[in-house]
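Asker: just a sequence and a predicted model for now, questions to come.
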Amino acid sequence: MLMVAESLLRLRPGRVLSCAPRASRATARRWLAPLSSQGLPRFSSSGTPSGSGPQGPGKVHRVPGEHKPSQFDKKILLWTGRFKAVEDIPPRIPPEMIDAARNKARVKACYIMIGLTIIACFAVIASAKRAVERHESLTSWNLAKKAKWREEAALAAQSKTK
């Protein structure tokens, strides 16, 4: 965490200690050596001191290691094959097991959607081939529809003039 850059000493982001002008890096390191061996707390990336476990026998910080699955979680656990029946699912399971089952279900759902998309593509291709055999096209449909609209508009205009 300590960096020496020319005459500035960077302790932490935002904290800069100025060394004497033209001070060598070796001088700065000698000056900082006693600070690193004083047993100051080192901080982890989460911002808590590393090695700072429970301070006393009464203080225990437990992270919940088990999770009560909901009905949806139970269905996912069954669908992914983690358990064979709803009765086999324990009342509390590790969160990692639920996460793994959700990820597996997500992948299965994606594969199902990919398969349905491919089936839909083949259905559209087959439908288009049948339409070509009947000499139907979108252009002919649009021309027929517009002719029908013109005819209806002409009839409406004649009925208004009468």
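Answerer: Sure, I can see it. Residues are numbered from 1 along each chain as shown.
Asker: next, residue 67: phi, psi?
Answerer: Per-residue torsions, residue 67: phi -140, psi 140 (degrees, to the nearest 10).
Asker: please look at it and residue 90 and confirm they touch.
Answerer: No - in this structure residue 67 lies outside contact range of residue 90 using Cβ atoms under 8 Å: 10.8 Å. Placement of C-beta: from N, CA and C, glycine included.
Asker: okay, those two: which has more neighbours?
Answerer: residue 67 (15 against 10; other Cβ atoms under 10 Å).
Asker: avg pLDDT for the helix or strand containing residue 123?
Answerer: Using DSSP states H and E, residue 123 maps to helix 95-133. Across helix 95-133, the average pLDDT comes to 95.
Asker: tell me the contacts of residue 74?
Answerer: When contacts are counted by Cβ atoms under 8 Å, 6 or more residues apart in numbering, residue 74 touches 86, 89.
Asker: so it, which of the three states?
Answerer: Secondary structure of residue 74, reduced to three states by DSSP: H, G, I helix; E, B strand; the rest coil: helix.
Asker: any idea how far residue 105 is from it?
Answerer: According to Cβ to Cβ, to the nearest Å, residue 74 stands 12 Å off from residue 105.
Asker: what helices or strands is the helix holding residue 123 leaning on?
Answerer: helix 71-79 (3 or more Cβ pairs under 8 Å, 6 or more residues apart in numbering; DSSP states H and E).
Asker: next, the buried residues of the helix it packs on.
Answerer: Applying a neighbour-count criterion of 16 or more other Cβ atoms under 10 Å, one finds 73-74, 76-78 buried in helix 71-79.
Asker: and for stretch 117-133?
Answerer: Result for stretch 117-133 [16+ other Cβ under 10 Å]: no buried residues.
Asker: which residues touch it?
Answerer: Residues outside stretch 117-133 that contact it (Cβ under 8 Å, 6+ apart): residue 137.
Asker: thank you kindly, that will do.
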